[in-house]
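Peer 1: Sequence first, predicted model second:
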Amino acid sequence: MKRGIVLALIVIMAVAPIVTVFARGAQEAGAQRHAFIFKNTGNPYGDKQMEGFADGIRAQGFEAILRAPDQPTAEAQIQIIEQLIAQRVASISVTGNDFDALQPVLTRARNQGIAVLSADSAVNPASRITHINQADSEMIGRTLIQAAYDMAGGSGDIAILSATSTASNQNLWIEWMQKELAENASKYANLNLVRIAYGDDLRDKSVSETEGLLQSFPNLRVIIAPTTVGIAAAGRVITDRGLIGQVKVTGLGLPSEMAEYIENGATPYMFLWNPIDVGYLTAYAAVAAVEGRLTGAVGETFSAGRLGDFEVVQAGDGGTEVLLGAPFRFDPSNIAEWKTVY
Amino acid sequence: MNPGLKKRFGNAERLRELGLLLFILVLGAVIQVRNPAFLRVSNLMSLFTNTSILAILAVGMMMVLLTRGIDLSIGATIAFTGMVTAMTVARFPQMPPALAIAQGTAIGTVIGMIIGVLVAKFDVLPIIATLGMMNIVRGMTFVVSGGRWVSSHQMPNSFKAIATGRTFGLNNLIVIAIAVYIVAFYFMNHTRTGRRIYAVGSNPSAAEVSGIPRRRLIFLVYTIMGGLAGLAGVLWVARFASAQGDTAMGYELQVIAACILGGVSILGGVGKISGLILGTILFGILANALPLVDVSPFWQLGIQGVTVLVAVMANAMVLRNTERSALRRRAI
């Protein structure tokens, strides 16, 4: 019995290098393979991101591997990453289900010479070369004020309908909105930010807050809601009260939630990130990392096909990141296509 | 209860309601001074529209509280019935709105019946039974929807018109709430079953001894609560034109708070439809008029909490005084 085990071990030890060599040979003969792991399957937003990644990889002449676990857990992603390490992929880009939990397995991947990046939802800086992020907060804040200025025709009252008063991303965007107003005081001289209301991302409260804004400020021209529950609630109230055209709603919202209000004119246009472009940018960053053109240092630049050139910048979490850029604009011309996506 | 004591209690309750009415008027006056838009018809209409779902739920919750029970599952029931109904109308856009309402109410009724069986037949504590059902139903909402939302553009206009249309010049939601209150008023005050619900709550063992089918009534109140929560779920989704898994999370606490404001005792046996109306109106003002006054969001929550505490304390004090004077009278 014991001899049997020893024998088996010897055989395995003898065969393993040969198999590995063969595998490596096959690998080198075929195309470089780049893997993308999303949070979970059946997520239309993730499907679009993977689609963008596959496009970007294929455009560069390589092969894309798209994976996603059934459940959005770190454990499930660890299993997939282990399989990918065994398959000796050239790079792994992951939309992390956990900021820290993937570090051991990703470190192992990097020790094997695999380039590791995160996209959309970051893993900690020690685990990644760099992170591919959606739009940056400054651009979101500034873009929304510019949109409000445009919709108000340059003058009138505007108000912000946020989520909770403690939501850090919302508050950061609002801070940038206020900065945009303050820094261009002469341009926005006739635009008054009259109130920041908080709907707590609850439907009923967001509706009450919107109605409060309408009652309190008869000259209200634009409501900016950088949250999908808030913007949809505001769109609903404006539609119900027949105020389409008088008070306009913009902000950040899911296209599916906002389709009706974009189509009926309550919201002339609004923004959100484009998942396809996030995936596409990740594809170019991954190949650049494998080819040694991208090491994740601040100031490095690389080109990303149809999206143009990008620069690595310092990220808030201590690592570095690449920002996709301005948020994507949804308006009547493209909403029909996007409302079924996410 | 001897007639004198009953009269005293009646007076106390009337006093409390009067106090509540006074409080509402003062609060309304303060808000009106701060923002003249408050008493505008359009604002009052939206206040009542926004409060009607809460008001409908409060009727069911009052019945449950009267029997010394509690129902924590209604937020989940709203989400589930709303989600299922939204998915149904998204699939079959020609479905008449009345049928959608019936479907939601029926699903809610079934959930209420399950709770009723757990509480009435298996003697599970109401807080445990409904907490368990809350999690089960909430989980089911995510399972049937696959975590996805049903959005406005997927719902037919006829369905959304349930909450935006008008009958007799009033928003449908207000009309439905008024209808529920009329039926509930008749049921609680003028039918034997309604009166027996009070008896079960004020003295369960005496009620049972005197031949009142306690268990059947408890089953009944949870069933009614479930049905109303199902109805509210459909109205909620029609009103906000969106169904998501975390709809109405924690809403049950607001409903219970509105009941308590309206003078319903969580110790059972005490509570009237008239008080409930005042309680929900006060709650509606707190939720809908505070945005009119420029109050910081942190203060808004604080003000709501303080109001509930003051109302409950006033309730307890009035009751204690009445009891004491009644006892004193008896001693003489």
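Peer 2: Now that the structure is in, tell me what you want to look at.

Peer 1: Run through the strands of chain B in chain order.
Peer 2: B:166-167, B:170-171 (DSSP state E).

Peer 1: For chain A, find the nearest of those strands.
Peer 2: Evaluated over the strands of chain B, closeness to chain A peaks at strand B:170-171, with 9.4 Å, by CB to the nearest CB. The C-beta positions use only the backbone N, C-alpha and C, and glycine is treated the same way.

Peer 1: For chain A, which residues are neighbours of chain B?
Peer 2: Proximity of chain A to chain B, by CB under 8 Å from any CB of the partner chain, involves residues A:42, A:164-165, A:195, A:197-198, A:200, A:203-205, A:207-209, A:211-213, A:215-216, A:232-233, A:235-236, A:240, A:254, A:256-257, A:259-261, A:263, A:339.

Peer 1: Among those residues, name the buried ones.
Peer 2: Neighbour-count burial (16 or more other CB atoms under 10 Å in any protein chain shown) is assigned, among the residues of chain A next to chain B, to A:164-165, A:195, A:197-198, A:200, A:203-205, A:207-209, A:211-213, A:215-216, A:232-233, A:235-236, A:240, A:254, A:256-257, A:259-261, A:339.

Peer 1: Restricted to helices, list those residues.
Peer 2: Members of these lying in helices (criterion: DSSP state H): A:203-205, A:207-209, A:211-213, A:215-216, A:232-233, A:235-236, A:240, A:256-257, A:259-261.

Peer 1: Setting the sequence-adjacent residues aside, check what's closest to the closest residue to chain A within chain B.
Peer 2: Using CB to the nearest CB, residue B:291 is the residue of chain B that sits closest to chain A, at 2.8 Å. Distances taken as CB to CB, 6 or more residues apart in numbering or on different chains place residue A:212 nearest to residue B:291, at 2.8 Å, with adjacent residues excluded.

Peer 1: List the contacts of that neighbour.
Peer 2: Neighbouring residues of residue A:212 by CB atoms under 8 Å, 6 or more residues apart in numbering or on different chains: A:197, B:288, B:289, B:290, B:291, B:292.

Peer 1: While we're on the residue of the stretch 151-300 of chain A found nearest chain B, how confident is the model there?
Peer 2: With distances taken as CB to the nearest CB, the stretch 151-300 of chain A approaches chain B most closely at residue A:212, which sits 2.8 Å away. With respect to pLDDT, residue A:212 has a value of 91.

Peer 1: what would the strands of chain B look like in TSV with mean neighbour count, distance to chain A and mean pLDDT?
Peer 2: Listed next are the strands of chain B as TSV, based on neighbours: other CB atoms under 10 Å in any protein chain shown; distance: least, CB to the nearest CB, whole Å; pLDDT from 0 to 100:
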stretch	mean neighbour count	distance to chain A	mean pLDDT
strand B:166-167	12	11	88
strand B:170-171	18	9	91
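
Peer 1: Which pLDDT does the model give residue B:82?
Peer 2: 96.

Peer 1: That one contacts residue B:243, doesn't it?
Peer 2: Yes. Counting by CB atoms under 8 Å, residue B:82 touches residue B:243, with 5.0 Å between them.

Peer 1: Could you name every residue contacting both of those two?
Peer 2: Taking CB under 8 Å, 6+ apart as the criterion, residue B:82 and residue B:243 both touch residue B:237.

Peer 1: Tell me who's in contact with residue A:285.
Peer 2: By CB under 8 Å, 6+ apart, the contact set of residue A:285 is A:93, A:117, A:130, A:132, A:294, A:302, A:304, A:310, A:322.

Peer 1: where in chain A is pLDDT low?
Peer 2: A:1-30, A:42-43 (pLDDT under 70).

Peer 1: domains of it?
Peer 2: Taking automatic domain parsing as the reference, chain A has its domains at A:31-135+A:275-328, A:137-272.

Peer 1: ok, the closest residue to residue B:249 other than its chain neighbours - how many residues close by?
Peer 2: Of all residues beyond its chain neighbours, the one nearest residue B:249 is residue B:75 (5.8 Å), with distances taken as CB to CB, 6+ apart. Neighbours of residue B:75 under the rule other CB atoms under 10 Å in any protein chain shown: 26.

Peer 1: ditto for residue B:146
Peer 2: For residue B:146, the number of neighbouring residues by other CB under 10 Å comes to 9.
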